[in-house]
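Undergrad: Need a 3D model of the following:
(one chain, ligands or ions: 1)
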Amino acid sequence: MTTPTATAVKTKARRRYLKAKKERRKHRRAAAARSSGLTADGAVGHHDPGKLTESDEGGDEHVVDSDAGHEEAASRPQKKKRHRGKGKGDTLIPAEGGDEDATVSHRRPRKRQKKSGSDRDPSPGPGPSSPPRSVVSLAPRSSSPVSGSAPGPDSPAAPILSLDRRDRTRTPTPPPSSLPRFPLPSRPCAPEESELASQGLDRALARAQLVHPALSTPLSLDENSGDNAGLSARALGRLKDLGIVELFAVQTALLPLLLPSDRRKRSLYLPYDPPSDVCVSAPTGSGKTLAYVLPIVEILSSRAVTRLRALVVLPTRDLVIQVRETFEAIAKGRGLKIASVTGQHSFSHEQSQLVEKTPSLQGGSSKVDILICTPGRLMDHLNGTPNFSLQHLRFLVIDEADRLLAQSFQDWLAQVLAATRPPNRLEKGAAPEDEAPIPFPDALSPAFLHLLSQNPSEHTDLDEKRESSCQKLLFSATLMSDPGRIVALELRDPSYVVVQSSSEDQRSGVLGIAMEKFSIPSTLREHVTVCDSSQKPLVLFHLVRSIGITNALVFTKSAESTLRLVRLFEFFETSRSTSQGGVTQHRKPMVMQAYSSDLSPSERKSILEKFRAQEIDMLVCSDLISRGIDIKHVAHVVNYDAPVDMRKYVHRVGRTARAGRTGDAWTLVEEQEDDIQARHFKNMIKAADHAAAVSKLRITEQQLAPLIPSYHVRNSDLCPNFHVDRKPQEALAKLKDTYIRAARQ
Ligand SMILES: Nc1ncnc2c1ncn2[C@@H]1O[C@H](COP(=O)(O)OP(=O)(O)OP(=O)(O)O)[C@@H](O)[C@H]1O
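TA: Take a look at the predicted model:
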């Protein structure tokens, strides 16, 4: 219990303490004013010490209030921070009242603010003996580097600071009036198709020699008449025997390039003046085979020793056989040895045909002058037949070049080119010179003779660069322009010969190759008919029976489809011949035969022979024989399944209308629900600038109706439970579910 005296003493002591405190504060402020050049009564801040003295009379509560004022001032920017957090206002407003203490409190780092916040907690409240918080908090602050680095919002740097801080979190939003205008999104103009096609186009292709298909050179038996494209009397005589009296456009253009009038350039070896390579694009059936067979036979006929000097690579066995026959026909009586390897015979048999069984010779020991092969079998011999060498090659022919270069076949092209190239030095890891076998001199090609030296890598200033004498000749009706593929060929100063209509100028003529606008023989008539997929067999039978298509090649999309279609056709023909009360038709049944990769090579050969002999009326085939095959009497080509790209179309329809003869191509396009196939075909020929050349053929249901009873009867034979009395339309509907659908697969 406290007595009144004790309370009075305590109050006195308290007052003394407060007075002393006031004095200390007064002195401090006076010192601060002096240092800033102002009196203690000056206008620094709004905190008037005099007023404070008067109000301080309030004792302890004022001290608390004073601190509370700091708290309030300290809490203001926090409020503003929250404000800014909502994105309103760009600058901080200086603390109201401008109290120096409040200003300083703004400069407090957050930690200190928190601490002062915790001071508000009444539990650890300051006792009378503890130093007043305002004193403790003020003294070090002004000189504190921390407070200096974080000025309060009322300092001049405050707005900048506030922006800086905000920049870290969000982009300042300028007033709407000053917003930059972004351009409206737009699609850049697509470059023209021709522009794209010309990108990276081989420079030599851009300078291609354009040749009109109608160009020809009549041949005379007089070797010196000057019009014979450098052909010898023997060659002319042979051509006459074969009934060839003129050279076609591609031959007229190519022979002067391959058979130069300068006889030295016809040498078998040209290591110091190697010949330029030649690429040829000419329509199907334009005589490309003869264009390379004639000069090869002419040049190789001068040879004394048999070496492998001409290599012709083709994509299929059938083409190998066909080209070999052409070589044999032209080279007859010239003493050249011609062979072909396709894998049809055993490997050892082929080896015995190709090379002598002598000790291994670096120059090889060939038994043949000209080899015609498929790339796969060529690789087998290159890697597995001793004495098989390509160093004497004078000609490397790649026929159907776009097709062959699209297939890798163990990287056959790179391996063949490497085998023709003379090595500069011993390969790394090869036997040292003193251990390396010294090659048999007689077998080496001139470009490889440096291998005879004890040090083949030795090179003097007198040594000229020796190159392979191999001349690369590329042929196709759809020659590729892909720069990547052309680079892989390592062409030497190539010349391009392009046979196509001269209505086009040089640039568009060349771009035609890049844009797959290939030339098609002018003697070809093209037709397209759009029909329901279920009616396709009927449409084909209509073409055969009503329009009279025979001597035809019918292309389907797969080997399986060929078999199904042939079976269906056989049923149809049998039912027709026995229909109408068993009265046999006057017309003999058409003979249709499947030709596909499922058959053995000997079966295929025999079928082709029968077709050539016209014992087979129609050959149903896959794309196996869509390229290169030359069968003179083919008058019609039917695309039973429409080709998916223009290259395929060009080669398929090119099996007819060859060598100036006329022919017809018929394409059956399925009319599906979404019309995809019809549209695709239309777009394809349109993109190739060929739409005008294809006429549309409309076949009505009335035209198909007479054929339906044949289906009817045959179907009953095959499906005994089926009612033969049903109406033809119903019979046709049933057939859809059986054979027709099968034929479409
Ligand atoms: N000068 C010519 N006179 C008469 N017939 C020729 C002449 N040149 C080639 N032929 C014949 O033309 C036909 C087509 O020749 P070839 O097979 O060489 O054509 P192609 O251009 O290679 O066709 P594809 O691109 O389809 O392979 C052959 O039957 C061939 O005998």
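Undergrad: Leaving out sequence neighbours, find the closest residue to Ala665.
TA: Leaving aside its chain neighbours, Ala665 sits nearest to Val653 (3.8 Å; criterion: CB to CB, 6 or more residues apart in numbering). C-beta here means a position set from N, CA and C on the backbone, and glycine is covered the same way.
Undergrad: My guess is that neighbour contacts Thr523. True?
TA: No - using CB atoms under 8 Å, Val653 is not in contact with Thr523; the gap is 11.5 Å.
Undergrad: These two: which is more packed in?
TA: Between Val653 and Thr523, Val653 has the larger neighbour count (other CB atoms under 10 Å), namely 29 against 15.
Undergrad: ok, now which ones touch that one?
TA: Residues near Val653 by CB atoms under 8 Å, 6 or more residues apart in numbering: 284, 520, 524, 526, 637, 639, 665.
Undergrad: Please list the outside residues in contact with the helix or strand that contains the last one.
TA: Read that as Ala665. Taking DSSP states H and E as the definition, Ala665 sits inside strand 663-670. Identification of contacts with strand 663-670 by CB under 8 Å, 6+ apart yields 521, 523-533, 536, 539-540, 543, 549, 634-643, 649, 652-653, 656-657, 677-678, 681, 694, 697.
Undergrad: does any part of that strand sit near the ligand?
TA: No - shown here: strand 663-670 not in contact with the ligand (CB under 6 Å from any ligand atom), separated by at least 12.1 Å.
Undergrad: for stretch 635-654, same thing?
TA: Yes - residues of stretch 635-654 are located near the ligand by CB under 6 Å from any ligand atom, namely Gly654.
Undergrad: avg pLDDT for that stretch?
TA: Average pLDDT, stretch 635-654: 95.
Undergrad: Kindly check the end-to-end length of it for me.
TA: End-to-end span of stretch 635-654 (CA to CA, to the nearest Å): 11 Å.
Undergrad: Sketch out the low-pLDDT regions of the stretch 351-500 of the chain for me.
TA: For the stretch 351-500 of the chain, the stretches with pLDDT under 70 are 360, 424-442, 449-465.
Undergrad: now do 50
TA: Scanning the stretch 351-500 of the chain for pLDDT under 50 picks out 426-434, 436.
Undergrad: Residues of it that sit close to the ligand?
TA: So far as CB under 6 Å from any ligand atom goes, the stretch 351-500 of the chain lies against the ligand at Ala477.
Undergrad: In the stretch 351-500 of the chain, what residue lies closest to the ligand?
TA: Nearest to the ligand in the stretch 351-500 of the chain, going by CB to the nearest ligand atom, is Ala477, at a distance of 4.0 Å.
Undergrad: So that residue sits against Arg655, correct?
TA: No - with contact defined as CB under 8 Å, Ala477 does not count as touching Arg655 (11.2 Å).
Undergrad: for the ligand, what are the nearby residues on the stretch 601-745 of the chain?
TA: Within the stretch 601-745 of the chain, the residues that sit near the ligand (CB under 6 Å from any ligand atom) are 628, 630, 632, 654, 658-659.
Undergrad: repeat that for 8 Å
TA: For the stretch 601-745 of the chain, the residues in contact with the ligand (CB under 8 Å from any ligand atom) are 627-630, 632, 651, 654-655, 658-660.
Undergrad: Skipping adjacent residues, who's closest to the residue of the stretch 351-500 of the chain closest to the ligand in space?
TA: The shortest distance from Ala477 to any non-neighbouring residue, by CB to CB, 6+ apart, is to Thr284 (4.6 Å).
Undergrad: Wait, a strand at Leu568?
TA: No - Leu568 is assigned helix when assessed by DSSP: H, G, I helix; E, B strand; the rest coil, not a strand.
Undergrad: quick revisit: shared neighbours, Ala477 and Arg655?
TA: Common contacts of Ala477 and Arg655 (CB under 8 Å, 6+ apart): Thr284.
Undergrad: What ranges does the stretch 401-550 of the chain have for its strands?
TA: Under the criterion DSSP state E, counting those that start in this stretch, the stretch 401-550 of the chain contains strands at 471-476, 495-499, 524-531.
Undergrad: Need the winner for burial among these.
TA: Of all these, strand 471-476 has the most neighbours on average by mean count of other CB atoms under 10 Å, namely a mean of 25.
Undergrad: on that earlier part again, weed out the non-buried ones from the contacts of strand 663-670.
TA: 521, 524-531, 533, 536, 539-540, 543, 549, 634-643, 649, 652-653, 656-657, 677-678, 681, 694, 697 (16 or more other CB atoms under 10 Å).
Undergrad: Show me the shaky parts of the stretch 151-300 of the chain.
TA: For the stretch 151-300 of the chain, the ranges with pLDDT under 50 are 151-167.
Undergrad: all helices of it, in order?
TA: For the stretch 151-300 of the chain, applying DSSP state H, counting those that start in this stretch gives helices covering 158-167, 193-198, 203-206, 233-241, 249-258, 288-300.
Undergrad: want to throw those into TSV with distance to Val355 and mean neighbour count?
TA: Shown next, in TSV, are those (distance: least, CB to CB, whole Å; neighbours: other CB atoms under 10 Å):
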stretch	distance to Val355	mean neighbour count
helix 158-167	82	14
helix 193-198	45	14
helix 203-206	36	14
helix 233-241	29	16
helix 249-258	27	22
helix 288-300	18	25
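Undergrad: looking at those, which is closest to the ligand?
TA: Smallest distance to the ligand across the helices of the stretch 151-300 of the chain (CB to the nearest ligand atom): 3.2 Å, for helix 288-300.
Undergrad: okay, the angle between the closest one and strand 495-499?
TA: Our comparison of helix 288-300 with strand 495-499, counting by axes from the mean of the first three to the mean of the last three CA atoms, to 10 degrees, yields an angle of 140 degrees.
Undergrad: quick one, helix 288-300 and helix 249-258 angle?
TA: Here helix 288-300 runs at an angle of 20 degrees relative to helix 249-258 (the same axes, to 10 degrees).
Undergrad: What's the first helix or strand after helix 288-300?
TA: Downstream of helix 288-300, the first helix or strand assigned by DSSP H and E is strand 310-313.
Undergrad: per-residue confidence averaged over that next one?
TA: Here the average pLDDT along strand 310-313 is 98.
Undergrad: same deal with stretch 685-695?
TA: Averaged across stretch 685-695, pLDDT comes to 90.
Undergrad: can you list contacts of stretch 490-499?
TA: 202, 204-205, 207-213, 249-250, 253-254, 257, 274-283, 286, 417, 467, 472, 479, 509-510, 513, 519.
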